[in-house]
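J.: A structural model of the following input is requested.
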Amino acid sequence: MSLTNFFHISPHYLLSSPVCIKVMQDIRDSMDKADVKKKPKVEAAMGEYCARSDLGPRERKICYYIDPIKRDVAQPFSTGMPVDRVCKRINQSNNEICGVKFPLKTEKLEPKDLSKLRVKQLKSILADRGVECTGCLEKEEFIKKVQDTEHLAGNDEF
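T.: Coordinates of the predicted model:
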């Protein structure tokens with residue numbers, strides 16, 4: 001898998017979190033088609049989805065953000081608005097939603113692909129592994145640390 005597949009961003013998703021889109025789509029998929037138009041049913045479906053014990057940490061974080069604004073989320077949701085547009089709309093209420101992203105998959109990245117990443121992304125990979133790069137100043141040092149801690153990657157998605 002090439003690095004371009006990781007970072008291809010179409011204008012369609014510029015302001016929407018992929019995690020938010022997944023959560024909204026999962027909520028919509030869990031509902032009967034007739035209930036999608038009813039705000040109380042949408043709010044109840046959000047509550048049921050967020051109460052599930054099998055959610056990942058990023059999905060739980062989106063639930064944490066949308067819980068206080070369920071009614072604001074249910075309004076565009078009940079009009080049949082596409083999930084990416086719902087996420088853009090709720091991002092206006094709480095812009096932290098846009099910051100919730102799935103982690104980078106690093107198991108198949110070549111060293112030349114790592115050099116294309118930003119330092120912020122390299123730091124994020126290290127943080128997901130529970131490693132600090134103390135004394136690292138140059139990008140090459142971060143790349144070396146990511147490569148050296150590849151054995152900790154296991155499953156970069158907690």
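J.: The residue nearest the centre of the chain and residue 77, how far apart?
T.: The centre of the chain sits closest to residue 101, judged by CA atoms, centre = their mean, with a distance of 2.6 Å. Separation of residue 101 from residue 77 (CB to CB, to the nearest Å): 22 Å. Heads up, the C-betas are built off the backbone N, CA and C, glycines and all.
J.: Equivalent analysis for residue 123, please.
T.: Residue 123 is 35 Å from residue 77, by CB to CB.
J.: Identify the residue nearest the residue located most distally from the centre of the chain in space, chain neighbours excluded?
T.: The C-alpha centroid of the chain is most remote from residue 135, which lies 29.5 Å away (CA atoms, centre = their mean). Distances taken as CB to CB, 6 or more residues apart in numbering place residue 141 nearest to residue 135, at 7.7 Å, with adjacent residues excluded.
J.: ok, which stretches of this structure are helices?
T.: 3-7, 18-30, 39-51, 57-66, 70-78, 83-93, 111-114, 119-128, 139-148, 150-153 (DSSP state H).
J.: quick one: contacts for residue 19?
T.: Residues counted as contacts of residue 19 (CB atoms under 8 Å, 6 or more residues apart in numbering) are 58, 59, 61, 62, 100, 101, 102.
J.: Can you report how many residues lie near the first one?
T.: By the other CB atoms under 10 Å criterion, the neighbourhood of residue 58 contains 20 residues.
J.: thought it was touching residue 97?
T.: No: the criterion here is CB atoms under 8 Å, and residue 58 misses it with residue 97 at 10.9 Å.
J.: Could you pull up the residues touching residue 50?
T.: 60, 63, 66, 67.
J.: And residue 123 and residue 77? Which one has more around it.
T.: The residue with more neighbours, out of residue 123 and residue 77, is residue 77; 26 against 18, by other CB under 10 Å.
J.: separation between that one and residue 42?
T.: In terms of CB to CB, residue 77 sits 5 Å off from residue 42.
J.: Residue 88 now?
T.: Residue 88 is 17 Å from residue 42, where distance means CB to CB.
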